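Trainee: Need the 3D shape of this:
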Amino acid sequence: AEKLVEYVGAAGDAQQPVVRLKSPPELAAAFAEAGEPLAIADGQRPATEDALVAALQCALDHSVRTGHPLFLNQLYSQADPAGVLGDWLAAAANTNVHTYEVAPVFTMMEAEVLSKAARTVGGRYAEEHDGLLVPGGSIANMYGMQLARHRADPEARRRGALGGPRLVAFTSEHSHYSYKKAAALLGLGTDNLVAVPADEKGAMVTEALDRAMEEAKAGGGVPFFVGATAGTTVRGGYDDFEGVADVCSKHGAWMHIDGAWGGAGAAHP
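Mentor: Here you go, the predicted model:
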């Protein structure tokens, strides 16, 4: 614990390199020299406490220092110390938020975080909302698509995709690839995910979205889901949410917003 506290406290030390990058063989050799090889041998005896501490130090020494002033990643930066403390708390408590009985404190924490997020977004969300915290944006997009499918075709959970309507989803050509993964994993098929053109600012063209949905209907498809984006990963583009919402309302489609990259902008309108 002392080593970890020291590491977090010195995260912004500019005298340290951003990373001591080594090749995989060199990295394996460093751990072997520390006394705890990365390779897990058959019949290997449990590591001693001293060996674990040495391995911990080796891991810290050869990891990227994300708190360094010169760590300039496009998606994330250093961890907030309060967030690190929260991770340590969750790891030490070692529970799961699947029932209130096994995680009363964390269940209430989740509910309060969701409530604050809903009030930050505002509108009807501040009055009524539901949700859960998920590991990341990819699975959040898949959950959103699954909710939309259940709304459009509730019998799919019993019947499966075969024999139901041909559901068609839409998203910007600049959206995250997780939408395509979701279409594949949910059995919709990537052919039923339409990439809508974006404008010069990276926003989905709402007129093109409307035309694409009309074309899908003409071909026997059922437009059921539109995945909008708050901050595309490459250009940082924001879709026209009100315009997209109008098109969704016209066609009876579910509107989802991927806010993994820029959703926090809702806190600073």
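Trainee: Going by C-alpha atoms from here, please, whenever you check contacts or count neighbours.
Mentor: Noted.
Trainee: Flag the shaky bits of the stretch 151-269 of the chain, pLDDT-wise.
Mentor: 269 (pLDDT under 70).
Trainee: rerun that using 50 as the cut-off
Mentor: Scanning the stretch 151-269 of the chain for pLDDT under 50 picks out no residues.
Trainee: Okay, helices next: where are they in it?
Mentor: 156-159, 178-185, 206-218, 241-251 (DSSP state H, counting those that start in this stretch).
Trainee: on contacts alone, who are the packing partners of the third one?
Mentor: Helices and strands touching helix 206-218, as assessed by 3 or more CA pairs under 8 Å, 6 or more residues apart in numbering; DSSP states H and E, comprise strand 193-196, strand 222-229, helix 241-251.
Trainee: re earlier: right, and the helices of the stretch 151-269 of the chain - which one's nearest A260?
Mentor: helix 178-185 (11.5 Å; CA to CA).
Trainee: and the closest one, how far from the chain's centre?
Mentor: 14 Å (CA atoms, centre = their mean, to the nearest Å).
Trainee: buried ones in it?
Mentor: Neighbour-count burial for helix 178-185, with 16 or more other CA atoms under 10 Å as criterion, is recorded at Y179, K180, K181, A182, A183, A184.
Trainee: now swap in stretch 165-179 and tell me
Mentor: Those would be R166, L167, V168, A169, F170, T171, S172, E173, H174, S175, H176, Y179, for stretch 165-179 by 16+ other CA under 10 Å.
Trainee: Ok, stretch 158-166 next?
Mentor: So, applying 16+ other CA under 10 Å, buried residues of stretch 158-166: A161, R166.
Trainee: what's in contact with that stretch?
Mentor: D153, A156, G187, L188, N192, G220, G221, V222 (CA atoms under 8 Å, 6 or more residues apart in numbering).
Trainee: Nearest residue to the last one in space, please, no chain neighbours.
Mentor: Which is V222. L167 (4.8 Å; CA to CA, 6 or more residues apart in numbering).
Trainee: how about that neighbour, what does it touch?
Mentor: L167 touches R149, L188, N192, G221, V222, P223, F224, counting by CA under 8 Å, 6+ apart.
Trainee: And for V18?
Mentor: Going by CA under 8 Å, 6+ apart, V18 touches V64, R65, T66, H68, L70, F71.
Trainee: mind running it again at 6 Å?
Mentor: V18 makes contacts with V64, R65, as judged by CA atoms under 6 Å, 6 or more residues apart in numbering.
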